[in-house]
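>>> Predicted structure and sequence below. I'll ask about it afterward.
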Amino acid sequence: MSLSAATLLLPAPDAAWRVWKPRSSTSAEAVDSPSQASHLSKPLVIGLPAAACRTIGLLLPQADNELLEQIIVTQLERRGFKLEQDSAGKNYRWHLLGHLGGQSIISVDLLADPFPETLAAAHASDYTAALRLAQLPAGHIVIIEEQGDLVLAANHHGKLYHSHIFAQTPATEETLALEITLARLSLESELGTESITGVALVGANFDHNLTSRLSSVVDLPVRIVADLPPNTALDTRTWGKMLPAGIRAAQTASVRRGKLTRALVLGSMLYLSLAFLAFAYLSYQEKRAAKLAEDVEATSEPAAAVRKANERWKALAPAIEPKRYPLFLLAEINRIMPGSGIVIRDFEVKGNEIDIKGEARDAQLAFQFIEDFKKNRVLSRYEWTNPRPEVKGTTATFRAQGKLP
């Protein structure tokens, strides 16, 4: 299916959703939520904001699609994501963007779990990340507002590679500069030093004077882009279905109801024309009902196992909390460091523990630096040991350890 033949529902910067009719170059309609879009023509493709659909970039060894699928599933499960699939589709979908140095560049879209009920539309043909449908400025880090969230997106030759929410709107210039710098470091380590050539701020809410100030800080050209319209030339024929569990169940049930309805109509016609077969037909239906009851009974135990597994995954939620990522913690430490007098020599995160070694101008500054940790909204969650500074010459070396209670 070409994207130009589908009706698209995409998130707006505010809480609304924009409707893009087939072969339309502009959006002339808006709805409050996908669940209220039943009047839209099919096929309906819903582009989800980053809050409801994560996009993760991976570099994997080159292999055929079947082996790549297995590697991707393993990678995602190791990161704590719950993957689902059945005859109606999956809760994830991966895209091969290209190759780099003998490796495959993979981008994976993964639906949020639990999926928001307000975004469930039983008549939807497919779901995807909203930025997957856009032609992104090649080589640019994109900052875009999605329903009150600020999202950073990276691409490979204009195709979405990675995206994540980093702030609520409005964000300060310092927040923008820090997030762009951290993202650039991470992306260039994966895709190469020449992969990032600029920054695009998408939307009408950005101040035009911001571009020059931000450019001087991040050392990249910064420009404002009015909007990112859908890429109508995008070919989605090779895409598998990515649907939430509730929609998959509803569509599967609809197919079953359709089959059952056709069977009942045929049975009625046979009953009217062949009355003497009525008893045999009723017997067949009774056996079929008994078989369905057996099937339901047989699935009750696996269903309980699924619920139990779901509870275990929820218990693991703290292990995948973004605020525990080493890069995020290092950014928080960097944010509260004084302008001079402190040098971090070693920073290590192991599970629930942080180990920091560094040098300070004097012992008092080392003590004050660790005291500032206890006032930070992120670092204060850890229990910090005293820095134990040792004065050597004109500097004081120190070591501080933090541990989650």
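Happy to help now that I have it.
>>> Identify the residues contacting the residue positioned nearest the centre of the chain.
The structure's the chain has its C-alpha centroid closest to Arg54; by Cα atoms, centre = their mean the separation is 0.5 Å. Arg54 makes contact with Asp109, Leu110, Ala112, Ser163, His164, according to Cβ atoms under 8 Å, 6 or more residues apart in numbering. The C-beta positions use only the backbone N, C-alpha and C, and glycine is treated the same way.
>>> Same list, those residues, but as JSON lines with secondary structure and pLDDT please.
Shown next, in JSON lines, are these (DSSP: H, G, I helix; E, B strand; the rest coil; pLDDT from 0 to 100):
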{"residue": "Asp109", "secondary structure": "strand", "pLDDT": "97"}
{"residue": "Leu110", "secondary structure": "strand", "pLDDT": "97"}
{"residue": "Ala112", "secondary structure": "coil", "pLDDT": "94"}
{"residue": "Ser163", "secondary structure": "strand", "pLDDT": "97"}
{"residue": "His164", "secondary structure": "strand", "pLDDT": "97"}
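>>> Tell me the most packed of the residues you listed, by neighbour count.
Sorting the contacts of Arg54 by how many neighbours each has (other Cβ atoms under 10 Å) puts Ser163 first, at 28 neighbours.
>>> where's that one relative to Leu270, distance?
56 Å (Cβ to Cβ, to the nearest Å).
>>> Please apply the same query to Arg184.
70 Å.
>>> So the two - more neighbours on which side?
Neighbour count, other Cβ under 10 Å: between Arg184 and Leu270, Arg184 has more, with 19 against 14.
>>> pLDDT value on the residue lying farthest from the centre of the chain, please?
Computed with Cα atoms, centre = their mean, the residue of the chain farthest from its C-alpha average is Phe276, at 59.9 Å. You'll see Phe276 listed with a pLDDT of 78.
>>> Excluding chain neighbours, what is closest to Ile144?
Among residues not flanking Ile144 along the chain, Val202 sits closest, at 4.1 Å (Cβ to Cβ, 6 or more residues apart in numbering).
>>> Help me confirm that the one you found comes into contact with Ile141.
No. Between Val202 and Ile141 there is no contact under Cβ atoms under 8 Å: 11.0 Å.
>>> Below-threshold pLDDT in the stretch 301-405 of the chain: ranges please.
313-320 (pLDDT under 70).
>>> which stretches of it form strands?
342-350, 353-360, 383-384, 390-392, 395-403 (DSSP state E, counting those that start in this stretch).
>>> now swap in the stretch 1-150 of the chain and tell me
For the stretch 1-150 of the chain, applying DSSP E, counting those that start in this stretch gives strands covering 7-11, 17-20, 29-31, 44-48, 53-61, 85-86, 89-90, 92-100, 103-111, 126-129, 140-146, 149-156.
>>> Output the contacting helices and strands for the worst-scoring helix or strand of the chain on mean pLDDT.
Here the helix or strand of the chain ranked lowest by mean pLDDT, DSSP states H and E is helix 278-315, holding a mean of 80. Contacts defined by 3 or more Cβ pairs under 8 Å, 6 or more residues apart in numbering; DSSP states H and E place helix 278-315 against helix 245-273.
>>> from the chain's centre, how far out does the helix it packs on sit?
Centroid separation for helix 245-273 versus its chain: 36 Å, with Cα atoms, centre = their mean, to the nearest Å.
>>> for stretch 299-306, same thing?
On Cα atoms, centre = their mean, the centre of stretch 299-306 falls 28 Å from that of its chain.
>>> cool, stretch 333-348 as well?
31 Å.
>>> can you list contacts of it?
Taking Cβ under 8 Å, 6+ apart as the rule, stretch 333-348 contacts 178, 326, 330, 354-362, 365-366, 369, 372-373, 376, 379.
>>> Please check these and keep the buried ones.
178, 330, 354, 356-360, 365-366, 369, 373, 379 (16 or more other Cβ atoms under 10 Å).
>>> Can you lay out the residues you listed as a markdown table showing distance to Asp86?
Converted to a markdown table, the buried ones among the contacts of stretch 333-348 look like this (distance: Cβ to Cβ, whole Å):
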| residue | distance to Asp86 |
| --- | --- |
| Leu178 | 42 |
| Leu330 | 41 |
| Ile354 | 42 |
| Ile356 | 47 |
| Lys357 | 51 |
| Gly358 | 52 |
| Glu359 | 57 |
| Ala360 | 58 |
| Leu365 | 59 |
| Ala366 | 57 |
| Phe369 | 53 |
| Phe373 | 47 |
| Leu379 | 43 |
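>>> Looking at these, which is nearest Lys392?
Lys392 has its nearest neighbour among these in Glu359, at 8.8 Å by Cβ to Cβ.
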